[in-house]
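# got a sequence here, can you build the structure:
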Amino acid sequence: MSKAIMIVDDEQMITSTLAALIKMFLKRQVMTFNDPEEALKSEWFINNDVDLIISDFLMPGMNGIEFLKSVREKNPDAVTILLTGYADKENAIKSINEVGVYYYLEKPWDNTNLIKIIQNGLEKKELSDELKVKYFELKESNLEVERLYNLLKNDYQKEVENVKNLVVSLANVIEAKDKYTDGHTRRVGLISGLIGQKLHMSREQIHNLEIAGIIHDIGKVGVPEGILNKPGKLTDEEFEIMKRHSVIGENICKPLSCLQKCLDPVRHHHEKLNGSGYPDGLQGSEISLEARILAVVDIFDALYSKRPYRDKLPMDKVKAIIKEERDRGALDERVVDVLFELIDTESLNDIIENG
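I've put the predicted structure just below:
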């Protein structure tokens, strides 16, 4: 709904003439005042029901600039036009920037030009109002998007927590069956995550890598306990059965959508760069970085942990075996270097001792 046009001039003849002109050509409601103080106290002004204000420059008591300053403070969206005599032109121009006057007109004015200026001012006000409405609509929309994002974020965090709980439960199944791997899966997950950070993997990649480390041996649920806990060396037939655990692990995780990005490292954590690994005999670039990391960490923790057939090895011996595997092209050199860096800086002490 259109608001009123306000005319303020100490000469009643001018306010009456302007009001009649505007009503005739623009069909708008016009409020006239011969005292700027009264205009500021009017309900129209107080209720912000004025679109455009035309004010004289020289008026007794309060001049046009003082009046329009008050207008700007209380009703900054109103379009303002200043009327000035020729003798006051210079002072009026200097004062325009103080109050942000839309336009100034010299007396006597041209009626056609005046109506055109008022029309343009009203169109400016209408456009400004529309933009404000769009802005607030956009702001409300953004607030709603933010609200929905926070809800989704909370749901996602809960889902992530559920995944972690599921993963830990799966790892516990393995450790309950294989008494010699107590803490092994958690250590592999933690150490793999640290290596992933050093290799500048993304947060998501590191998260998935840690989960894959925790569940990499889940397939051992399909291996007889007699083989898992055998105190001596496995026969060739028993080793072939043991080797199936990586494929079994992949098949166990495959139906779970939250573990899809862990399938590759779970299946391939025993692959070797020179093609001597299992289950697929992959080599070189065919093996993902995640699987390469798990391969190195799995060997490290197995060597530095107590096993059915031996006690844990000294760290020097562990590093020597891993170096030998690296040098013959089985393990990724970058991953091994980062692991040794973590060992040498004692960054793994807490994980190794308490993991």
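
# now the one helix or strand Arg326 maps to, how far from the chain's geometric center?
Per DSSP states H and E, Arg326 falls inside helix 315-327. A distance of 43 Å separates the centroid of the chain from that of helix 315-327, by Cα atoms, centre = their mean, to the nearest Å.

# okay, it in PDB with CA atoms only?
The C-alpha trace of helix 315-327 is given here as PDB (Å, rounded to 0.1, in the frame of the first residue of the first chain):
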ATOM      1  CA  MET A 315      62.100 -52.200  18.300                       C
ATOM      2  CA  ASP A 316      65.500 -52.300  16.500                       C
ATOM      3  CA  LYS A 317      64.600 -55.800  15.200                       C
ATOM      4  CA  VAL A 318      61.100 -54.600  14.200                       C
ATOM      5  CA  LYS A 319      62.500 -51.700  12.200                       C
ATOM      6  CA  ALA A 320      65.100 -53.900  10.600                       C
ATOM      7  CA  ILE A 321      62.400 -56.300   9.300                       C
ATOM      8  CA  ILE A 322      60.300 -53.500   8.000                       C
ATOM      9  CA  LYS A 323      63.300 -51.900   6.300                       C
ATOM     10  CA  GLU A 324      64.000 -55.200   4.600                       C
ATOM     11  CA  GLU A 325      60.400 -55.500   3.400                       C
ATOM     12  CA  ARG A 326      60.600 -51.900   2.100                       C
ATOM     13  CA  ASP A 327      63.900 -52.400   0.300                       C
END
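
# next structured bit after that helix?
Downstream of helix 315-327 (by DSSP H and E), the next one is helix 333-344.

# which elements pack onto that following helix?
Contacts defined by 3 or more Cβ pairs under 8 Å, 6 or more residues apart in numbering; DSSP states H and E place helix 333-344 against helix 184-198, helix 289-303, helix 315-327. C-beta coordinates here come from the backbone N, C-alpha and C atoms, glycine included.

# any buried residues in the last one, and which?
Using 16 or more other Cβ atoms under 10 Å as the burial criterion, the residues of helix 315-327 that qualify are 318-319, 322, 325-326.

# now the angle from the helix holding Arg326 to helix 333-344?
Counting by axes from the mean of the first three to the mean of the last three Cα atoms, to 10 degrees, helix 315-327 points 170 degrees away from the direction of helix 333-344.

# contact partners of helix 315-327?
Here helix 315-327 makes contact (Cβ atoms under 8 Å, 6 or more residues apart in numbering) with 272, 296, 299-300, 303-304, 313, 331-333, 336, 339-340, 343.

# picking that back up, redo the helices and strands packed on helix 333-344 as JSON lines? Include distance to Lys74.
Formatted as JSON lines, the helices and strands packed on helix 333-344 follow (distance: least, Cβ to Cβ, whole Å):
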{"stretch": "helix 184-198", "distance to Lys74": "58"}
{"stretch": "helix 289-303", "distance to Lys74": "65"}
{"stretch": "helix 315-327", "distance to Lys74": "78"}
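
# ok, of the contacts of helix 315-327, which come out buried?
272, 296, 299-300, 303-304, 313, 331-332, 336, 339, 343.

# nearest to Ile46 among those residues?
Leu339 (75.4 Å; Cβ to Cβ).

# for Gly193, see how far away that closest one is.
Distance from Leu339 to Gly193, counting by Cβ to Cβ, to the nearest Å: 13 Å.

# same question, Gly226
33 Å.

# pull the number of nearby residues for the closest residue to His216 other than its chain neighbours.
Leaving aside its chain neighbours, His216 sits nearest to His269 (5.0 Å; criterion: Cβ to Cβ, 6 or more residues apart in numbering). By the criterion of other Cβ atoms under 10 Å, His269 has 27 neighbours.

# top helix in this structure by residue count?
The residue-count maximum for a helix in the chain (DSSP state H) belongs to helix 111-177.

# okay, domains of the protein per the record?
Annotated domains of the chain cover 4-139, 178-354 [automatic domain parsing].

# endpoints of the first one, how far apart?
Chord length of domain 4-139, first to last residue, is 29 Å (Cα to Cα, to the nearest Å).

# off-centre distance for it?
46 Å.

# please renumber the chain so that the first residue is 11 from this point on.
All set: I'll call the first residue 11, so the last point we hit is now domain 14-149.

# how about low-confidence regions in the stretch 61-210 of the chain?
In the prediction, the stretch 61-210 of the chain carries residues with pLDDT under 70 at positions 96-99, 101-106, 166, 170, 173-174, 177, 180, 184-185, 187-192.

# check the gap between the most centrally placed residue in the chain and Glu214 for me.
Taking Cα atoms, centre = their mean, the centroid of the chain lies closest to Tyr159, which sits 9.2 Å from it. According to Cβ to Cβ, Tyr159 stands 18 Å off from Glu214.
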